[in-house]
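> what follows is a predicted protein model with its sequence.
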Protein chains: 2
Amino acid sequence: MSVEKTIREMAKAAKNSAAVIAHCSADQKNLALERIAKKINQDAAYIKAENEKDLARAKEAGLSDAMIERLALTNKILKSMADGLSDVARLEDPVGSLGHTWTRPNGLQVSRMRIPLGVIGIIYESRPNVTVDAAGLCLKAGNAVILRGGSEAFNSNQALAAIINRALEETDLPERTVQAIPVSDRSAVSSLLKQEEFIDLIIPRGGEGLIRFVVENSRIPVLKHFKGVCHVYIDADADLDMAQKICFNAKVQRPGVCNAMETMLVHQSIAEKFLPDMANQFSVAGVQLRGCPLTCRILPGTSKARDEDWPAEYLDLILAVKVVADMDEAISHMATYGSNHTEAIVTSDYERARRFVREVNSSVVLVNASTRFNDGAQLGLGAEIGISTTKLHAFGPMGLEELTTTKFVVFGSGQIRES
Amino acid sequence: MSVEKTIREMAKAAKNSAAVIAHCSADQKNLALERIAKKINQDAAYIKAENEKDLARAKEAGLSDAMIERLALTNKILKSMADGLSDVARLEDPVGSLGHTWTRPNGLQVSRMRIPLGVIGIIYESRPNVTVDAAGLCLKAGNAVILRGGSEAFNSNQALAAIINRALEETDLPERTVQAIPVSDRSAVSSLLKQEEFIDLIIPRGGEGLIRFVVENSRIPVLKHFKGVCHVYIDADADLDMAQKICFNAKVQRPGVCNAMETMLVHQSIAEKFLPDMANQFSVAGVQLRGCPLTCRILPGTSKARDEDWPAEYLDLILAVKVVADMDEAISHMATYGSNHTEAIVTSDYERARRFVREVNSSVVLVNASTRFNDGAQLGLGAEIGISTTKLHAFGPMGLEELTTTKFVVFGSGQIRES
């Protein structure tokens, strides 16, 4: 069968499975999630053997040690994948819940019922754990899912999907609720993006190149963020000790992720007091600064920031620093160079805190907290399938609820419309 | 300036206006809405003179009387447009409201704040009143809007937009919050659909051809419905008198709209009792039936339905009728031939009513009420910008809230992330 045909057949099977899984009870879905978790632990040897094939190929291909480490499935990682599924099983099932109900003057009772989206396609470059995490969340929200992981993790992903399929079968759910594309051919992605007849949503996770490719080639709605150019603004009235802790955490705790700080904006009135000590801390942690002219005057020897530094997503121990005249300049800088992902202010001023959260149009806006909190689990959504900076449908971290939609349900007693 | 450049410049201006209107108070926006309403009444003579140009061209071009009637702006229509704006002014402003707030174990307070989408493009073929209705709703929700009406209403739409622009200017809001594309060149639509840098959402309103063109050419998310193939299912336990009233209303009261019934499904056990009288009523109203073999046996002389009748959106006094073995067959028929728009059941059976609302995946699912209620105003949303059968973002009638999104707002006291 051609790749195109394979994908179409998979998409069709997904839609058929979606029609069934949409009406399964929370108990049935939770049973399947627990069964998958159990099998991952039981079949660890098989998964690791398949993972070894990927690791061997990665070494042959000369991938970096960091890449190989990301790829490796250890017992510890497998256990945390299984535990994650049990966590999802414990989350409340969003499907079928009726929201606020109102009654129209003619007696019609109107409400919205939460329903699954249908079929979701996930295209990712990340660690193989995404295969299990994404499958678990989609399943719990009553959706079918088609998974397309990175080619370097092909055997690992196929093994994990095979285990999921067996667990679904054993718990009497449609096996093809979760499908991993069985060919590593790149054209499979293009084919997948054309199945608008069967697929309701595409979520790409990976580098900007992958995401741009998906957006430009998809006929299906896409939820994504291109990049996270996150800012922290230190206001004139900031608690400088708090500001240091927040900035250090936002930059250093995990620099390679999308919610790490990439640019620090400092109010001019406190720059001389704040920057030297902060710069020392960063220097000890190995963070390189790229400063505006004023920053470089306060911190002699700092590299000068170039135009390309302001919109840069370093994903590394590098930080752009700019001294701003006031909050207006800070907000305008974020609007010009930011990515609508995550911005924070550190301030003790009530009015400026309120204005910042009102006027900054990012998916998560924080006062006196680290940008690293833009994360579904951290914000209390229970889990996360990704972060969206598209304003439609979901803006910010996406949990179970964002994998559903609502339909209107109307109960009448014979009402007809007069005009 | 080329069309492409004109559109790009307009899109850019819209984005700049959106940044301002997003933070205007409800009072400011309401003042502008009331001012537009006042000017429409005051400048009725000017609007009608411009409308005359369109009418003259339409007559020259030999448009049908029905088309010409749709185009004509009478004093009564102008007054109802102005009244509609006052109604929108009285609706609650969704922008800035904070939903449910929760506190994380580390003390972070998390909530979602409702914010405007940004810039909305509306492409329509309808009566010129859409120009005013859509502008009013977008403005109230804090968005900028670019309007592209049908070429046959070009002068009318330009006149209405000019009045809106003056009212915005007089009330100190950015004039270019509302813009009507000043060229009737068809390439303007293609250009508009490429402005993904500036435009957040496209809403097409019109025939299936227009909508397919928009969906296939847009890089911007599109909210739309292709068509409304709406069903009413008369269950074995239906109150037949109620069923007749609902079906008659759903088909006859306004057959040319998307929420009119196109196919009636009748349970076999009541078909012989229900159909003859129902058919008489339809016959008196001029409705032609297209029946399945069983229907034709019960109603001799009825035209036979062909395969193409089941997915047809007649928008006319024509109705497909099918006798079904049970509710399973009815639901499966809807899933196969329907458009996820609106479906209703007439029944007295509690369990089947519950199952129907659970299992039918349409944007509005009704029990014992006419399909004609799939309408923002009728369901209590206050107003409507259109109906979406896309499941993402909005599914069903879209009111003010669907013209907004939410961002996460997080209030902390110095929290940093440990892992």
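Alright, I've got the coordinates. Numbers count the residues shown, from 1 in each chain, chains lettered A, B, ... in the order given.
> any part of stretch A:258-271 near chain B?
No. Stretch A:258-271 is not in contact with chain B by Cβ under 8 Å from any Cβ of the partner chain; minimum separation 9.0 Å. The C-beta positions use only the backbone N, C-alpha and C, and glycine is treated the same way.
> that stretch: end-to-end distance?
Using Cα to Cα, to the nearest Å, the end-to-end distance of stretch A:258-271 comes to 26 Å.
> mean confidence for it?
Mean pLDDT, stretch A:258-271: 98.
> then stretch A:239-254?
In this model, stretch A:239-254 has an average pLDDT of 98.
> give me the contacts around it.
With Cβ atoms under 8 Å, 6 or more residues apart in numbering or on different chains as the test, stretch A:239-254 has contacts from A:230, A:232, A:234, A:260-261, A:264, A:270, A:273-274, A:277-278, A:281-282, A:285, A:287, A:317, A:319, A:344, A:346, A:348, A:368-372, B:414, B:416-418.
> restricted to buried residues, select those in PyMOL.
With 16 or more other Cβ atoms under 10 Å in any protein chain shown as the burial test, the buried ones among those are selected in PyMOL as follows:
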select buried, (chain A and resi 230+232+234+260+261+264+270+274+278+282+287+319+344+346+368+369+370+371+372) or (chain B and resi 414+416+417)
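> sitting in helices, which of the contacts of stretch A:239-254 do you find?
A:270, A:273-274, A:277-278, A:281-282 (DSSP state H).
> and those residues, which is closest to chain B?
A:Q281 (13.1 Å; Cβ to the nearest Cβ).
> show me where the stretch 101-250 of chain A has helices.
Applying DSSP state H, counting those that start in this stretch to the stretch 101-250 of chain A gives helices spanning A:129-140, A:154-170, A:187-192, A:208-217, A:240-252.
> and the last one, what's buried?
Using 16+ other Cβ under 10 Å as the test for burial, helix A:240-252 gives A:242-252.
> the shortest one too?
By 16+ other Cβ under 10 Å, the buried positions in helix A:187-192 come out as A:188-192.
> closest to chain B out of the residues you listed?
For those, the nearest to chain B is A:S190 (16.2 Å; Cβ to the nearest Cβ).
> check contacts around the closest one.
Counted by Cβ under 8 Å, 6+ apart, A:S190 has contacts A:N217.
> mean pLDDT lowest for which of the helices of the stretch 101-250 of chain A?
Among the helices of the stretch 101-250 of chain A, helix A:208-217 scores lowest, at a mean of 91.
> for it, packing partners?
Where contact means 3 or more Cβ pairs under 8 Å, 6 or more residues apart in numbering or on different chains; DSSP states H and E, helix A:208-217 is packed against helix A:187-192, strand A:201-205.
> switch to 10 Å and redo it
For helix A:208-217, the packing partners by 3 or more Cβ pairs under 10 Å, 6 or more residues apart in numbering or on different chains; DSSP states H and E come out as strand A:119-124, helix A:187-192, strand A:201-205.
> these: which one's closest to B:V130?
strand A:201-205 (29.1 Å; Cβ to Cβ).
> and that closest one, anywhere near chain B?
Yes. Strand A:201-205 is in contact with chain B by Cβ under 10 Å from any Cβ of the partner chain, via A:L201.
> circling back: and the buried residues of helix A:240-252, which is closest to B:S339?
For those, the nearest to B:S339 is A:A250 (47.5 Å; Cβ to Cβ).
> excluding chain neighbours, what is closest to the closest one?
A:M261 (3.6 Å; Cβ to Cβ, 6 or more residues apart in numbering or on different chains).
> contacting residues around A:K59?
Taking Cβ atoms under 10 Å, 6 or more residues apart in numbering or on different chains, we find A:K59 in contact with A:65, A:68.
> correction: the previous question concerned A:A56.
Neighbours of A:A56 in contact, by Cβ under 10 Å, 6+ apart: A:N155.
> ok, back up a step: adding distance to A:K59, write the helices and strands packed on helix A:208-217 out as a markdown table.
Below are the helices and strands packed on helix A:208-217 laid out as a markdown table (distance: least, Cβ to Cβ, whole Å):
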| stretch | distance to A:K59 |
| --- | --- |
| strand A:119-124 | 22 |
| helix A:187-192 | 25 |
| strand A:201-205 | 25 |
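> for these, which one sits closest to B:L78?
Taking the helices and strands packed on helix A:208-217 one by one with Cβ to Cβ, strand A:201-205 is closest: 42.4 Å.
> what angle sits between that closest one and helix A:208-217?
On the basis of axes from the mean of the first three to the mean of the last three Cα atoms, to 10 degrees, strand A:201-205 is oriented at 160 degrees to helix A:208-217.
> so what does strand A:201-205 touch, helix or strand wise?
Using 3+ Cβ pairs under 10 Å, 6+ apart, strand A:201-205 sits against strand A:119-124, helix A:129-140, strand A:144-148, helix A:187-192, helix A:208-217, strand A:386-388.
> among those, which comes closest to B:K76?
Nearest to B:K76, of the helices and strands packed on strand A:201-205 and by Cβ to Cβ, is strand A:386-388 at 45.0 Å.
> following the longest helix belonging to chain A, which helix or strand comes up?
If you go by DSSP H, chain A has its longest helix at helix A:3-21. Going down the chain from helix A:3-21, the next helix or strand is helix A:26-42, by DSSP states H and E.
> report whether that following helix contacts chain B.
No. Using Cβ under 10 Å from any Cβ, we find that helix A:26-42 stays clear of chain B, coming within 13.8 Å at best.
> give me the distance from that helix to the chain's centre.
Centroid separation for helix A:26-42 versus its chain: 23 Å, with Cα atoms, centre = their mean, to the nearest Å.
> one more: stretch A:344-355?
With Cα atoms, centre = their mean, you get 27 Å for stretch A:344-355.
> and it, what's its mean pLDDT?
97.
> buried residues, it. List them.
In stretch A:344-355, counting by 16+ other Cβ under 10 Å, buried: A:344-347, A:352-353, A:355.
> now the element after the helix or strand bottoming out on mean pLDDT in chain A, going C-ward?
Least confident element among the helices and strands of chain A, by mean pLDDT, DSSP states H and E: helix A:65-71 (a mean of 88). For helix A:65-71, the succeeding helix or strand toward the C-terminus, using DSSP H and E, is helix A:75-90.
> flag every residue of the stretch 51-200 of chain A that's near chain B.
A:95-96, A:98, A:102-113, A:115-118, A:196, A:200.
> next step: these restricted to strands.
With strands defined by DSSP state E, the entries of those inside them are A:102-103, A:109-113, A:115-116.
> with just CA atoms, put stretch A:6-23 into CSV.
C-alpha atoms of stretch A:6-23 as CSV (Å, rounded to 0.1, in the frame of the first residue of the first chain):
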residue,chain,number,x,y,z
THR,A,6,-1.9,3.7,4.5
ILE,A,7,-2.4,7.1,6.1
ARG,A,8,-5.9,7.5,4.7
GLU,A,9,-6.8,4.1,5.9
MET,A,10,-5.4,4.9,9.4
ALA,A,11,-7.3,8.2,9.5
LYS,A,12,-10.6,6.4,8.6
ALA,A,13,-10.0,3.7,11.2
ALA,A,14,-9.3,6.5,13.7
LYS,A,15,-12.6,8.2,13.0
ASN,A,16,-14.5,4.9,13.4
SER,A,17,-12.7,4.3,16.7
ALA,A,18,-13.4,7.9,17.8
ALA,A,19,-17.2,7.3,17.4
VAL,A,20,-16.9,4.4,19.9
ILE,A,21,-14.5,5.9,22.4
ALA,A,22,-16.5,9.1,22.6
HIS,A,23,-19.3,7.2,24.4
